[in-house]
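Enquirer: Following is a predicted model, sequence given first.
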Amino acid sequence: MVQLTWWSLPPIVAACMALAAYVRAKPQDHIPGGHALRFLFLTLFIWSTAQALANILVSESAITLAMQFSYAGMALAPAAWFVFAMTYSQRVRKISRHAFNTITILPAITLVLALSNSSHGLIWQEWSVVLTNGFHIFQSEPGFWFYVHAMYSYSLILVATAILAFALTRHKQHYQTFLAAIFAPLVIVMSNLFSISPLNPYPWFNTTPLGVIFGLIIIDAGILRSGLLNQVPVARDWVVEKLKDPVLVLAHDGRIIDANISALEAWEELLPLQNSNIANLITTVPTEALLSSHNNSDVTINKRAYEVASTPLDRTNHKTDIAIVFRDVTERREALQELHNVKNKLERMAHTDALTGMYNRRFFMERLSEECERVKRHGSVFSVLMFDLDHFKRINDSYGHDQGDTVLVAIAHVVNDIKRASDVACRMGGEEFALLLPETNQEGAIYLAQRLRKGIETYPYRSNNRQPLTVTASIGVATVTNTITGPAEILKIADRALYRAKGGGRNMVCVDNEAA
């Protein structure tokens, strides 16, 4: 037989709510704290269901057995709350086996004593099922271990709540979840204390299920629905909050679930914490690369350069949260770039003629030596042009050295317009110039030399008084094969061809043994 009373409703409602919360929290089971929270809902379900059965059943043995089994939930619920606080605040899926055994040994003893109470009376010294106003009611006198269990449970809940509160007080943007974590266990504990206190006008009426109902409502609104497990940050050391480097904590799918003060200040407009993903902040590096513990990416955010270091918070869980530290290296990169620019400038100065901007003799000789070695190894060919401006001294004497410098600069323009990209042009000194023509035989070299001679002759030079000037050049050609011993011999052949051009009447191209 069964009975249905008004005091049967609270535990029935509490059991249904606990079961619903257990099912609803399943998607968060893999998240640090999620598994323990589901276990807490399970213990509350067992506790409330046993209480409901004790109120509904009428058999003394059945009611007593239901009350004994209620301790399966009653004893383990505080331990579940403690494990939740520890795993959530430390961002791990499990606490150590030693810690787990320590906090569960007393609840295990309590459960064993509750099931064997008839032989020792440590949980209830006296108990009976009495008939009051037509209803069967369980009445008991607490035993010694009942108070031991109560003190231990209250202490465990207090410590766990303090740990959780300490983790949440660091993050003022989640004030609602902080209140939920405080008031949910407080409501349940207060209802339980009232139930066993002399203030309860109906000692047979257990008010704890009412506390469970309101506690589950608070947990649902403040923890599950607000996304505490996904969006509220982990507990962090004070040093993290004071780091000058921005620090983000990401869920395994890239959602931003926490940011230190430096990150919030640096990216205030770019970093809304709620439902934000790292892909919205960093578009140049894939999310998978950022989440990798081997990540050494460089990223640019808001025109600042950062080096990125990623660290998993729980290496035993492949879906753990990831802490990412962003080291601002903007100034260092700018300094390195400036140093690189200065180095390049110095190298250009060391290899460049200051007046014409062409390469100087030193650089030309380096390239010529390299080309000679290449030809010796691979049996290829290249050519060298040496050319000298005809009667350039007359220009300096007649119009001044400024006018002569202007002509030399113009010659550099002509050479740069005519030469190929692979050719190396230089000013050897004074009015003497040279071109290195890789992969060019004698025929190709003579063709380019003729183009160069005509370009120099036809360029529209102007004197200081705006009168036209005539400038010509004599060009010597040397073609190199693997029989040539070195740069000195090559330049000697080209120079000999140049003097042949000058001796032949100037403004012409010559090779070593003939005019072209």
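Expert: Yep, it's here. Numbers count the residues shown, from 1 in each chain.

Enquirer: Just the strands from the stretch 251-400 of the chain, written as ranges.
Expert: For the stretch 251-400 of the chain, the strands defined by DSSP state E, counting those that start in this stretch occupy 256-259, 298-301, 304-312, 322-328, 382-389.

Enquirer: same check, this time on the chain
Expert: Ranges of strands in the chain, per DSSP state E, are 124-132, 135-142, 247-250, 256-259, 298-301, 304-312, 322-328, 382-389, 424-429, 432-438, 473-480, 509-510.

Enquirer: Can you add mean pLDDT and mean neighbour count and give the ones you listed back as TSV?
Expert: C-beta coordinates here come from the backbone N, C-alpha and C atoms, glycine included. Output for these, formatted as TSV (pLDDT from 0 to 100; neighbours: other C-beta atoms under 10 Å):
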stretch	mean pLDDT	mean neighbour count
strand 124-132	81	14
strand 135-142	81	17
strand 247-250	83	22
strand 256-259	79	23
strand 298-301	80	16
strand 304-312	83	17
strand 322-328	84	20
strand 382-389	95	24
strand 424-429	94	20
strand 432-438	95	23
strand 473-480	93	26
strand 509-510	95	26
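
Enquirer: Now render these as CSV, adding distance to residue 448.
Expert: Below are the strands of the chain laid out as CSV (distance: least, C-beta to C-beta, whole Å):
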stretch, distance to residue 448
strand 124-132, 112
strand 135-142, 110
strand 247-250, 60
strand 256-259, 62
strand 298-301, 45
strand 304-312, 46
strand 322-328, 53
strand 382-389, 7
strand 424-429, 11
strand 432-438, 7
strand 473-480, 9
strand 509-510, 10
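
Enquirer: between those, which one is nearest to residue 345?
Expert: Residue 345 lies closest to strand 424-429 among these, at 18.6 Å (C-beta to C-beta).

Enquirer: which residues touch the residue most central in space within the chain?
Expert: Nearest to the geometric centre of the chain sits residue 290, at 4.1 Å (C-alpha atoms, centre = their mean). Contacts of residue 290 were listed using C-beta atoms under 8 Å, 6 or more residues apart in numbering, and they are 250, 254, 278, 282, 297, 308, 310, 322, 324.

Enquirer: For the nearest residue to the third one once chain neighbours are set aside, what are phi and psi?
Expert: Distance criterion C-beta to C-beta, 6 or more residues apart in numbering; nearest residue to residue 278, sequence neighbours excluded, is residue 254 at 4.8 Å. Backbone torsions for residue 254, taken as degrees, to the nearest 10, come to phi 100, psi 0.

Enquirer: Just the pLDDT for residue 254.
Expert: Listed pLDDT for residue 254 reads 80.

Enquirer: sorry, back to before: how near is the residue nearest to the centre of the chain to residue 302?
Expert: Noted for residue 290: a distance of 17 Å to residue 302, by C-beta to C-beta, to the nearest Å.

Enquirer: circling back: correct me if wrong: the residue nearest to residue 278 contacts residue 276.
Expert: No. With contact defined as C-beta atoms under 8 Å, residue 254 does not count as touching residue 276 (9.6 Å).

Enquirer: can I get the strands of the stretch 251-400 of the chain in CSV with distance to residue 337?
Expert: Output for the strands of the stretch 251-400 of the chain, formatted as CSV (distance: least, C-beta to C-beta, whole Å):
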stretch, distance to residue 337
strand 256-259, 29
strand 298-301, 13
strand 304-312, 10
strand 322-328, 15
strand 382-389, 36
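
Enquirer: Out of the strands of the chain, which is closest to residue 213?
Expert: Proximity to residue 213 (C-beta to C-beta) singles out strand 135-142 among those, at 20.5 Å.

Enquirer: what about the closest one, distance to the chain center?
Expert: Relative to its parent chain, strand 135-142 has a centroid offset of 61 Å by C-alpha atoms, centre = their mean, to the nearest Å.

Enquirer: strands paired with it, and their directions?
Expert: If you go by DSSP bridges, strand 135-142 pairs up with strand 124-132 (antiparallel).

Enquirer: how about the CA coordinates for the strand it pairs with, as CSV?
Expert: C-alpha atoms of strand 124-132 as CSV (Å, rounded to 0.1, in the frame of the first residue of the first chain):
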residue,chain,number,x,y,z
TRP,A,124,19.5,6.4,14.8
GLN,A,125,19.4,5.5,18.4
GLU,A,126,15.7,4.9,18.2
TRP,A,127,13.3,4.9,15.2
SER,A,128,9.8,3.9,14.5
VAL,A,129,7.0,4.3,12.0
VAL,A,130,4.0,5.9,13.8
LEU,A,131,0.4,6.5,12.6
THR,A,132,-0.5,10.2,12.9
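
Enquirer: First-to-last residue distance for stretch 305-320?
Expert: Chord length of stretch 305-320, first to last residue, is 27 Å (C-alpha to C-alpha, to the nearest Å).
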